[in-house]
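**Q** Just need the structure, nothing else, for what follows:
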Amino acid sequence: MNETVFRYTRRQRLAMWAFAVGMAAWAGAVSVRGARYLADGQTGAAVGLWLMFGLIPTVLFVPLAGMPTGWTRIDAEGLRTRGMTGRRRVAWRDIESIRALSGRGRNRSITQIGVTRTDGTSFLLPIPFSSGTIAGDPDFYEKLELMRREWKKRSGAGEANGAEGA
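**A** The predicted structure is shown next:
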């Protein structure tokens with residue numbers, strides 16, 4: 001295996017962009033309302049309104065706009081990720097387990113892949129993930145199994161640790 005890259009599915013990217021555009025529109029509408037307050041001389045109301053309902057969506061929009069460009073890459077050395085929380089790199093020999101974690105997030109509908117390192121620390125992969133009907137990944141479990149096979153092959157985990165269950 002040379003290299004396999006997992007990216008967000010088309011539906012996941014569209015859902016994220018729709019949410020990010022909605023937040024940007026909300027922040028813009030709040031900013032217009034705040035500008036009206038300023039024009040009427042109500043500085044305190046304008047600043048409070050914008051800080052509470054305009055700044056927060058604006059701050060959240062920036063990472064969400066870049067989120068659809070994230071990825072998880074597996075190759076002969078290990079796995080690498082890039083997502084909203086930054087970049088990670090871990091060698092196959094440093095991985096203790098790779099498993100599906102269901103029930104995270106709102107309405108317990110997100111399934112993600114959790115990686116535990118041999119030093120006991122763990123993290124979630126940004127991709128692949130599956131969440132409900134809109135952001136579901138029909139190939140999620142196949143991607144998980146491909147990752148597990150590569151990890152077992154490259155690290156010898158199949159002999160040392162036994163089969164890792166879901």
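
**Q** Show the end-to-end separation of stretch 74-84, please.
**A** End-to-end distance of stretch 74-84 (Cα to Cα, to the nearest Å): 19 Å.

**Q** Give me the average confidence score over that stretch.
**A** Stretch 74-84 carries an average pLDDT of 89.

**Q** can you give me how far it is from the chain middle?
**A** 14 Å (Cα atoms, centre = their mean, to the nearest Å).

**Q** what comes up buried for it?
**A** 74, 78-83 (16 or more other Cβ atoms under 10 Å). Using the backbone N, CA and C atoms, a C-beta is placed for each residue, glycine as well.

**Q** Check stretch 24-33 too.
**A** For stretch 24-33, a neighbour-count test (16+ other Cβ under 10 Å) marks 24, 26-27, 30-31, 33 as buried.

**Q** likewise stretch 142-153?
**A** For stretch 142-153, the neighbour count (16+ other Cβ under 10 Å) marks 143-144, 146-148, 150-152 as buried.

**Q** Pick out the most distant pair among these.
**A** Farthest-apart pair in these is 143 and 152; separation 15.2 Å (Cβ to Cβ).

**Q** Just name whatever secondary elements the longest helix seen in the chain is in contact with.
**A** In the chain, assigned by DSSP state H, the helix with the most residues is helix 10-39. Applying 3 or more Cβ pairs under 8 Å, 6 or more residues apart in numbering; DSSP states H and E, one finds that helix 10-39 contacts helix 43-50, helix 56-66.

**Q** Show me which pair in the buried residues of stretch 74-84 is furthest apart.
**A** The widest separation within the buried residues of stretch 74-84 (Cβ to Cβ) is 16.4 Å, between 78 and 83.

**Q** Okay, and which of the buried residues of stretch 142-153 map to strands?
**A** Among those, the subset assigned to strands under DSSP state E is empty.

**Q** Just the closest of these to residue 14, please.
**A** Of all these, residue 143 has the smallest distance to residue 14: 19.4 Å, by Cβ to Cβ.

**Q** mind listing what that closest one touches?
**A** Residues in contact with residue 143 (Cβ atoms under 8 Å, 6 or more residues apart in numbering) are 6, 128, 137.
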